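# Quick one, structure for this:
(2 chains)
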2 protein chains.
Amino acid sequence: MRDVYLIGAGMSKIGKREETSRELVIEAAKELMNYVDLKSVDAVYVGVQSETYEHQIMYGTMVAEILGLTPKEAYRVEACAAAGALAFRNAVLAVKSGEAEVALAVGVEKMSAVGTENVTDALMAASDFIDQYSGITIPAHYALVARRYMYQYGATEEDFCLVAVKNHKHALDNPKAHFQRAITVEECLRSKPVATPIKLLDSAPISDGVAVAVVASREAAKGHDKIRILASAVATDTLSVSQREDLTWPTAIWEAAQKAYRQAKIEPSQIKLAEVHDAFTINEVLIYEALGFAKRGEGYKLIREGQTYIGGKVAVNTSGGLKARGHPIGATGLAQIYEIFLQLTNRAGKRNVNADIAIAVNEGGVNSTAVVHIFSL
Amino acid sequence: MRDVYLIGAGMSKIGKREETSRELVIEAAKELMNYVDLKSVDAVYVGVQSETYEHQIMYGTMVAEILGLTPKEAYRVEACAAAGALAFRNAVLAVKSGEAEVALAVGVEKMSAVGTENVTDALMAASDFIDQYSGITIPAHYALVARRYMYQYGATEEDFCLVAVKNHKHALDNPKAHFQRAITVEECLRSKPVATPIKLLDSAPISDGVAVAVVASREAAKGHDKIRILASAVATDTLSVSQREDLTWPTAIWEAAQKAYRQAKIEPSQIKLAEVHDAFTINEVLIYEALGFAKRGEGYKLIREGQTYIGGKVAVNTSGGLKARGHPIGATGLAQIYEIFLQLTNRAGKRNVNADIAIAVNEGGVNSTAVVHIFSL
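Numbers count the residues shown, from 1 in each chain, chains lettered A, B, ... in the order given. Purely as a prediction, here's the structure:
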């Protein structure tokens, strides 16, 4: 099978934006054009979560049209918050299959087009029918998981808040982050309850944004910044957390990571940089375990020890993560890959960690679909 | 690149169904199990149009879970009514790339879960923002196209009705069709206006249904019914018909067909069977032209002469098409491929046409995304 490369990326400023998704696509694409001639693109895959925010579903065609790429192939891929990494996955499939030499992955979300209650409702569509009928929101699901995790392993609300503190600190050096503001554990602990024990500062914000990345064959990658895509893997779990043997174990992430490590032929200890899906702080802790950075039930110790800060054993969410960089749902997976592109090409400025191998973990639903990519210089 | 094969398919009865989409997935999968062991499936791609019908977006994971396929790869692909063929396209990419040996494509829609006004609204999300703000519905778009086509080429409302009459006649022999009822040109002409000149009997119905198909590598296809996938192509056009040079020319379909003919190395005249996207009767006429079955502006003559009936020059929509087999949006592209599987393996009963080469044309938006597949024995 063919080798595939990441040869460029771009991202809009993340936050509450006045612009439409079309304008944000252009903003991200302008940065991408520093690396890639759009004319070389053969196919476009767009990750976007909900049709309700802008009352639009044809984002594939829309993006192709904005970027002057019609009549080329374009369509949408989706699994809620995993949409962005799935768009990238699709670009990998297209290039690996030989159906494209260069494929563009785009992640889009314009959440602020509607009110918070509509966002909550749109996100609930990512959970099982029975859970929806029970009225349990997505934060409430994660609250169940967090509560159980605390009970099983002795973690505290402070531990979860430490994740938020770290990610806000990292984002201070990311000019495109939704928040560039340090927070303290005390602020986090005092912040408004969302679904106890999850508080406002444990939760990623509602953001607007677009991120893009380009996958190319070895031939097409010539003359470009060239990051090798060592692994691309997707795995699934039950839609409802109620159907899982252990609420605290993210099987889909673990399975996708196992596949990815096998493909990449690397060990967790070789990874120096990880961009992971901290939609709620508990989830970053679970991901430490699922990726093998910590033993099962001991992820919280890693953040207690500060091992996932820039300069630690493994730098996690140097961009600020979903928590502080922001979480425009369909764009998040590609915002992670954008950060990895900057880092591996030494463009991450003050937050640069000189990593040579990096991993991206994006998930949708309540960890019911997971997407893992591994990159190397 | 690897050769890819269609090795099995299945479909639920199409129509207004009491069952949920989950139950319809099981109904379609049961038929598929006559051909394929589900355990062999490596990845699942699900085409579904709207999250609003059942308030669900995670159909990829949902289908994987129902069919006992977790933790395997699964996600959703979408471009409105083109979703079904795009799921199949994705299965082709997965197998061609070597990331899967066997991939399952699933098309789902449970439209009757909501009222007609909600369906109209959900479908409008497939058109450009400016057209939505103007209040122009999807049937109204096709009405503009039909009116212009009549003006430019001299076609009549009778000509369009002839398409409906043919497709209803074909569906008489399809026990899974939404309608098994012959109609006359007079009935069609007298039927309620939807958006003049388009009438109720020019329009595909609102249907529920699920269709599935399996793509396999040469190795994995051994010992199965084996249909060669000669071509898989996607093309796009402007979202708004207002931006097109000629309202009556479906550029995306033409471009996808040209790509597909090149891949397959065949001429239009070699095709004996076509399943095409007659969401409105005018569109079947446009597709005759875009596929090269008729010259530009002369498609209506083909149906006037009866050349697209079973037994004619090229049998079009032997299943009854969207018009009479039914149009569960996300399932339609796979319902077409299901029909082709039955036909090429001589399982289409009274409507069998003994074809050796067949084409499927599925589109989304107002012909803004088109997907063309070509199959041969």
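# For the residue in the stretch 251-377 of chain A that chain B sits nearest to, which non-adjacent residue is spatially closest?
Residue nearest to chain B within the stretch 251-377 of chain A (C-beta to the nearest C-beta): A:Glu255, separated by 4.1 Å. From N, CA and C alone the C-beta is placed, and that goes for glycine too. Excluding the flanking residues, the one nearest A:Glu255 by C-beta to C-beta, 6 or more residues apart in numbering or on different chains is A:Ala235, at 3.6 Å.
# For the helix or strand harbouring the one you found, what is the distance to the chain centroid?
Applying DSSP states H and E as the criterion places A:Ala235 in strand A:227-236. Centroid separation for strand A:227-236 versus its chain: 13 Å, with C-alpha atoms, centre = their mean, to the nearest Å.
# which parts of the very next helix or strand once past that strand are buried?
Under the assignment DSSP H and E, the closest C-terminal helix or strand after strand A:227-236 is helix A:251-264. For helix A:251-264, burial by neighbour count (16 or more other C-beta atoms under 10 Å in any protein chain shown) applies to A:251-261, A:263-264.
# what's the pLDDT at A:Arg2?
According to the prediction, A:Arg2 has pLDDT 86.
# Would you mind measuring from it to A:Ala43?
15 Å (C-beta to C-beta, to the nearest Å).
# and these two? which has more neighbours close in?
Between A:Arg2 and A:Ala43, counted using other C-beta atoms under 10 Å in any protein chain shown, A:Ala43 has the larger neighbour count: 26 against 14.
# Can you tell me the element the residue positioned nearest the centre of chain A falls in?
When C-alpha atoms, centre = their mean is applied to chain A, the residue found nearest the centroid is A:Gly333 (3.3 Å). Assessed by DSSP H and E, A:Gly333 sits inside helix A:332-344.
# Any chance you could give me that helix in CSV, C-alpha atoms only?
C-alpha atoms of helix A:332-344 as CSV (Å, rounded to 0.1, in the frame of the first residue of the first chain):
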residue,chain,number,x,y,z
THR,A,332,-11.7,19.8,16.4
GLY,A,333,-10.1,16.7,14.9
LEU,A,334,-8.4,18.8,12.3
ALA,A,335,-7.4,21.5,14.8
GLN,A,336,-5.5,18.8,16.6
ILE,A,337,-3.7,17.8,13.3
TYR,A,338,-3.1,21.5,12.6
GLU,A,339,-1.2,21.7,15.9
ILE,A,340,0.8,18.6,15.1
PHE,A,341,1.7,20.0,11.7
LEU,A,342,2.9,23.2,13.4
GLN,A,343,4.8,21.3,16.0
LEU,A,344,6.5,18.8,13.8
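# For it, which helices and strands make contact with it?
Helix A:332-344 sits against strand A:4-11, helix A:83-96, strand A:102-110, strand A:208-217, strand A:227-236, strand A:273-275, strand A:357-364, strand A:369-376, with contacts defined as 3 or more C-beta pairs under 8 Å, 6 or more residues apart in numbering or on different chains; DSSP states H and E.
# shouldn't the residue of the stretch 251-377 of chain A closest to chain B be in contact with A:Ala370?
Yes. Using C-beta atoms under 8 Å, A:Glu255 is in contact with A:Ala370, at 7.3 Å.
# what do those two both touch?
Common contacts of A:Glu255 and A:Ala370 (C-beta atoms under 8 Å, 6 or more residues apart in numbering or on different chains): A:Ala235, A:Asp237.
# Report the beta-bridge partners for the residue nearest to A:Glu255.
A:Ala370 (DSSP bridges).
# do A:Ser217 as well
With DSSP bridges as the rule, A:Ser217 is bridged to A:Val4.
# burial count for it?
20.
# need the contact list for it.
Taking C-beta under 8 Å, 6+ apart, one finds A:Arg2, A:Asp3, A:Val4, A:Tyr5, A:Val95, A:Glu101, A:Val102 in contact with A:Ser217.
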